[in-house]
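A.B. asks: give me coordinates for this.
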Amino acid sequence: MKLGILRTPARTILPISQKVIKKLSDLGAEVVIEKPESSVNWEESLIQNSAPYVSREEILKTADILLSVGYSELESVNARYWISEFQPFNQPDITGKLDAMGITGLSLDMIPRISRAQSMDVLSSMASIAGYKAVLQAADLLPRYFPMMITAAGSIRPARVLVIGAGVAGLQAIATARRLGGVVEAFDTRSAVKEEVESLGGKFVEVEGATDRSDSGGYAVEQSEDYKKRQQEKLAERASGADVIITTAQLRGKPAPKIITEEVISNMPPGAVIVDLAASTGGNTIYTENNKLVAIEGISIIGDSYLADSMPQTASELYANNAFNFMELIVKEKEIQLDLDDEIISNAKING
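C.D. replies: Numbers count the residues shown, from 1 in each chain. I've put the predicted structure just below:
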């Protein structure tokens, strides 16, 4: 059983590591890795010559299983299975493309967020990194200190941070901002996360009357127009003192909700920074552009849904662990066997 590791254009993460290669060998998998265009120091440290580099063409001709972090157009393939993040909600034609290649897609982003699947949850692994990096990027752009400083030249107040969405990314952003000395407030439609926010040192901002579904898998859910109005009023009020806003709200299978309006932005102090982690699905601000930094009325808005790629070594290690834990579930007697009575497997299988 040959497992081919494919690189995804515009992504830096490699879904494999030396430790995982050894574990995969014990499962009966021979790992080969698509050769990089140039030498990468962090990747050499990650792999440590534990698997050979071969051409993309050779992988497509000889691999029985493909593993990558995202979809890319391929010519004819030998493999029967491809494990990746296919994002079928955002790419509705993906199942047809996989069917046309004669390959079964197993989408890691479709694994349900249940206790048994936590070790396979690539979305949470990458979101944790993104929340951390979002605060660091904001601190880099912010023209002032994060922590309170008392010096002979005078006292500096701490930066005020507003985090919208207290899922995995939001909670990591809260923790990171607090470590840097910021004063943090957090908003979420789910009142159940209040305790988590407060345990990290944040103040929970609550707007009553939210639709709060426990089966949303960590995603936001569509709210009523009346609630949205009250939400905007509250956010405009809290944004007036915010030096940094981190937004993370996404609706599964739909464009991200526009939470940060022109009014909210106009209330922010000059030099403030917004980091929008929902940029790839339209963004939470009306001005967000994916993979771009834009300036509106003196406010910097960073649109980046793949901040985990800015920490490729750690992201690759975590991604590789998640992918292996999934493969351990589906590989029996040195070949893939899909038990569709298992909700993890049935959700991950998107075609075929």
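
A.B. asks: show me what the least confident helix or strand in the chain by mean pLDDT is packed against.
C.D. replies: Taking mean pLDDT, DSSP states H and E as the measure, the helix or strand of the chain with the lowest value is helix 225-239, at a mean of 82. Helix 225-239 sits against strand 160-164, strand 183-187, helix 262-266, with contacts defined as 3 or more Cβ pairs under 8 Å, 6 or more residues apart in numbering; DSSP states H and E. The C-beta positions use only the backbone N, C-alpha and C, and glycine is treated the same way.

A.B. asks: which of the ones you listed is buried the deepest?
C.D. replies: Here the criterion is mean neighbour count by mean count of other Cβ atoms under 10 Å, and of the helices and strands packed on helix 225-239 the winner is strand 160-164, at a mean of 28.

A.B. asks: would CSV of the helices and strands packed on helix 225-239 with distance to Arg56 and mean pLDDT be doable?
C.D. replies: Output for those, formatted as CSV (distance: least, Cβ to Cβ, whole Å; pLDDT from 0 to 100):
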stretch, distance to Arg56, mean pLDDT
strand 160-164, 40, 97
strand 183-187, 43, 96
helix 262-266, 44, 89
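
A.B. asks: and those: which comes nearest Ala320?
C.D. replies: Among the helices and strands packed on helix 225-239, strand 160-164 comes nearest to Ala320, with 28.6 Å by Cβ to Cβ.

A.B. asks: parallel or antiparallel, list what pairs with the closest one.
C.D. replies: Strand 160-164 pairs in its sheet with strand 183-187 (parallel), strand 244-247 (parallel), by DSSP bridges.

A.B. asks: wait, Glu317 touches Ser17, no?
C.D. replies: Yes. Using Cβ atoms under 8 Å, Glu317 makes contact with Ser17 at a distance of 5.1 Å.

A.B. asks: what sits in contact with each of these two?
C.D. replies: The contact sets of Glu317 and Ser17 overlap at Leu46 (Cβ atoms under 8 Å, 6 or more residues apart in numbering).

A.B. asks: between the two, point out the one with more neighbours.
C.D. replies: A count of neighbours by other Cβ atoms under 10 Å puts Ser17 above the other of Glu317 and Ser17, at 24 against 21.

A.B. asks: what about the closest residue to the more buried one other than its chain neighbours, distance to Ser310?
C.D. replies: Excluding its sequence neighbours, the residue lying closest to Ser17 (Cβ to Cβ, 6 or more residues apart in numbering) is Ala320, at 4.3 Å. Distance of Ala320 to Ser310, computed by Cβ to Cβ, to the nearest Å: 18 Å.

A.B. asks: more neighbours: these two, which one.
C.D. replies: Counted by other Cβ under 10 Å, Ala320 and Ser310 do not tie: Ala320 has more neighbours, with 25 against 14.

A.B. asks: using the three-state scheme, assign the more buried one.
C.D. replies: For Ala320, the assignment made with DSSP: H, G, I helix; E, B strand; the rest coil gives helix.

A.B. asks: for it, give its distance to Trp42.
C.D. replies: Counting by Cβ to Cβ, the gap between Ala320 and Trp42 amounts to 13 Å.

A.B. asks: ok, Met1 next?
C.D. replies: Remark: distance between Met1 and Trp42 (Cβ to Cβ) = 28 Å.

A.B. asks: could you do Tyr71 as well?
C.D. replies: Distance, Tyr71 to Trp42, by Cβ to Cβ: 24 Å.

A.B. asks: who has more neighbours out of these two?
C.D. replies: Using other Cβ under 10 Å, the more surrounded residue of Tyr71 and Trp42 is Tyr71, with 20 against 14.

A.B. asks: now do the same contact list for the residue nearest to Ser17.
C.D. replies: Counting by Cβ under 8 Å, 6+ apart, Ala320 touches Leu14, Pro15, Ile16, Ser17, Lys19, Val20.

A.B. asks: the third one: how many residues sit nearby?
C.D. replies: Translated: Ile16. 25.

A.B. asks: give me phi/psi at it?
C.D. replies: phi -160, psi 160 (degrees, to the nearest 10).

A.B. asks: wait, Leu14 touches Arg7, no?
C.D. replies: Yes. Between Leu14 and Arg7 there is a contact under Cβ under 8 Å: 7.0 Å.

A.B. asks: which of these two has more neighbours?
C.D. replies: Applying other Cβ under 10 Å to Leu14 and Arg7 shows that Leu14 carries more neighbours, namely 28 against 21.

A.B. asks: and that one, how far is that from Leu318?
C.D. replies: 12 Å.

A.B. asks: and Ala256, how close does it get to Ser280?
C.D. replies: 9 Å.

A.B. asks: who has more neighbours, those two?
C.D. replies: Ranked by neighbour count (other Cβ under 10 Å), Ala256 and Ser280 place Ala256 first, with 23 against 18.

A.B. asks: who are the contact partners of that one?
C.D. replies: Taking Cβ under 8 Å, 6+ apart as the criterion, Ala256 is in contact with Ala249, Gln250, Ala278, Thr281, Gly282, Gly283, Asn284.

A.B. asks: leaving out sequence neighbours, find the closest residue to Ala177.
C.D. replies: In space, and not counting its chain neighbours, Ala177 is closest to Val161: 4.4 Å by Cβ to Cβ, 6+ apart.

A.B. asks: my read: that neighbour touches Gly182, true?
C.D. replies: Yes. Counting by Cβ under 8 Å, Val161 touches Gly182, with 4.4 Å between them.
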